[in-house]
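Participant: Give me the fold of what follows.
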Amino acid sequence: MLIEGHDNQKLSRVGARIKSRVNQASDAADAERVGSSQFTPALFYAKDHDDYAQALALKRALIEKHDGKALEEVTPGTELVTERGTCYRVDTEERVRIHTIPQKRAEESLLADFKLLHGVRETTERALKERGYRNIADLVEHDRFGAQALSFLKLVETRDTGELIEWVGRRFPRSDPLALHASGFHTPDQLLFVDLETLGLFSSPIIIIGVAEAVDETLTVRQYVSRNVGEEPAALAALLSHVNSSTALVTFNGRAFDVPFLEQRLAYYQIHGNLQRAHFDMLHFARRRWRGLTPDFRLASLEKYVLGARQSDIPSALVPEFYETYLRTQNAGPLLAVIDHNRQDLIALAHIFSKICEG
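Facilitator: Got it, this is the predicted structure:
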């Protein structure tokens, strides 16, 4: 049953968020166009920087090893045909058990914090509890807080995790554990882990869209690879095939980068797809959980200092250079390194989500 007022309010909120994201993406694209569009490694590394030197050595070795070989020869995959053209799909599986927050604990935690209601601080919360109110559900008949309590209770009862995350974000920082507790209303197989590799900032092509989905203790990684920039629309269409009404996104810095980037590229190709949904950006929660324990909060650093050593890999900043070398030489070696980098990022993201949810 549709409630016109409620639906209009919800559509207005969604429209405002989309407009904000598009404006952010446009600002970033304008800033990029002011500067150079060429990738310049020197912007990120001194010539004698160890990571850069090691990456160049890896690139030379890969070029030599895969001389004259196409991508299809060096990594198993499928040429995927979509309504927007073709791209190359690489599938792998990893043994990963995704831990989630139990649904009952998620509900109890969200309803227990009265400070989620506007006008309630620690003193008011304490006074309400002293008067016998145990949780937000008990406040639905309260003269002052009843309307808010009822609205919040409906979001919890209907498992509207997207709106719950937005509600928590209006009262607490994005990194507050209560925002992550909303993930407890999703089963592991409803979580879509997403990571992109691109040729630069906004308005640059996406070269790999990596997604991972969990079933039992298996994480299935699917990477949609653009063998040339003309295959980007097919990769975007392939991504949308993983998104349905119950999907929740899990990213790392995806609120600021991945999702706005995808929305901008979808709009560019006039591909219709809705990515406005529950979204758990693990960068915020990782900063809160491991602040002071790592030199920075790149995925590779978290994998090294929190999860254990990462395999030999290329730095994220060098992904465009490796891909441009592949385009220029048609040698699949450098692209193979980018694919492996994306796969490792997705696996690390799944482990980080699981570890933080474990507590």
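Participant: quick check, distance from the helix or strand where Gln344 lies to the centre of its chain.
Facilitator: With secondary structure defined by DSSP states H and E, Gln344 is part of helix 332-358. Here the centre of helix 332-358 is set off from its chain's centre by 12 Å, with Cα atoms, centre = their mean, to the nearest Å.
Participant: Quick check: bridge partners of the closest residue to Gly77 other than its chain neighbours?
Facilitator: In space, and not counting its chain neighbours, Gly77 is closest to Val90: 4.4 Å by Cβ to Cβ, 6 or more residues apart in numbering. In this view, the C-beta of every residue, glycine as well, is placed from N, C-alpha and C. Partner residues in beta bridges with Val90, using DSSP bridges, are Gln223.
Participant: Against Phe145, how distant is the residue of the chain most remote from its centre?
Facilitator: Relative to the centre of the chain, the most outlying C-alpha is that of Arg131, 42.1 Å out, by Cα atoms, centre = their mean. Using Cβ to Cβ, to the nearest Å, we find Arg131 at a distance of 12 Å from Phe145.
Participant: Just confirm Pro260 contacts Ser203, I think it does.
Facilitator: No - with contacts defined as Cβ atoms under 8 Å, Pro260 does not count as touching Ser203, sitting 11.5 Å away.
Participant: follow-up on the earlier one: now do the contacts for the residue nearest to Gly77.
Facilitator: Thr75, Pro76, Gly77, Arg222, Gln223, Val225, Ile339, Arg343 (Cβ atoms under 8 Å, 6 or more residues apart in numbering).
Participant: Could you rerun that using 7 Å?
Facilitator: When contacts are counted by Cβ atoms under 7 Å, 6 or more residues apart in numbering, Val90 touches Thr75, Gly77, Gln223, Val225, Ile339.
Participant: how much space between it and Ala214?
Facilitator: In this structure, Val90 and Ala214 are separated by 18 Å, where distance is defined by Cβ to Cβ.
Participant: now swap in Thr123 and tell me
Facilitator: Using Cβ to Cβ, we find Thr123 at a distance of 43 Å from Ala214.
Participant: okay, these two: which has more neighbours?
Facilitator: Each of Thr123 and Ala214 had its neighbours counted (other Cβ atoms under 10 Å), and the higher figure belongs to Ala214 (23 against 8).
Participant: Look up which residues are beta-bridged to that one.
Facilitator: Beta-bridge partners for Ala214, by DSSP bridges, are Leu219.
Participant: ok, now how distant is it from Gln276?
Facilitator: In this structure, Ala214 and Gln276 are separated by 23 Å, where distance is defined by Cβ to Cβ.
Participant: Stretch 92-109: which residues count as buried?
Facilitator: Within stretch 92-109, the residues that qualify as buried by neighbour count (16 or more other Cβ atoms under 10 Å) are Thr92, Glu94, Val96, Ile98, Thr100, Ile101, Ala106, Glu107, Ser109.
Participant: following the least confident helix or strand in the chain by mean pLDDT, which helix or strand shows up next?
Facilitator: Sorted by mean pLDDT, DSSP states H and E, the helices and strands of the chain end with helix 4-34, the least confident at a mean of 44. Taking DSSP H and E as the definition, the helix or strand that follows helix 4-34 towards the C-terminus is helix 50-65.
Participant: C-alpha coordinates for that following helix, CSV please?
Facilitator: What follows is helix 50-65, C-alpha atoms only, in CSV (Å, rounded to 0.1, in the frame of the first residue of the first chain):
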residue,chain,number,x,y,z
ASP,A,50,61.2,1.8,-3.6
ASP,A,51,57.5,1.2,-4.5
TYR,A,52,57.8,2.9,-7.8
ALA,A,53,61.1,1.1,-8.7
GLN,A,54,59.7,-2.3,-7.7
ALA,A,55,56.5,-1.6,-9.8
LEU,A,56,58.5,-0.7,-12.8
ALA,A,57,60.6,-3.9,-12.4
LEU,A,58,57.4,-5.9,-12.1
LYS,A,59,56.0,-4.2,-15.3
ARG,A,60,59.1,-5.0,-17.3
ALA,A,61,59.0,-8.6,-16.1
LEU,A,62,55.4,-9.0,-17.0
ILE,A,63,55.9,-7.5,-20.4
GLU,A,64,58.8,-9.9,-21.1
LYS,A,65,56.8,-12.9,-19.8
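Participant: Fine, thanks again, bye for now.
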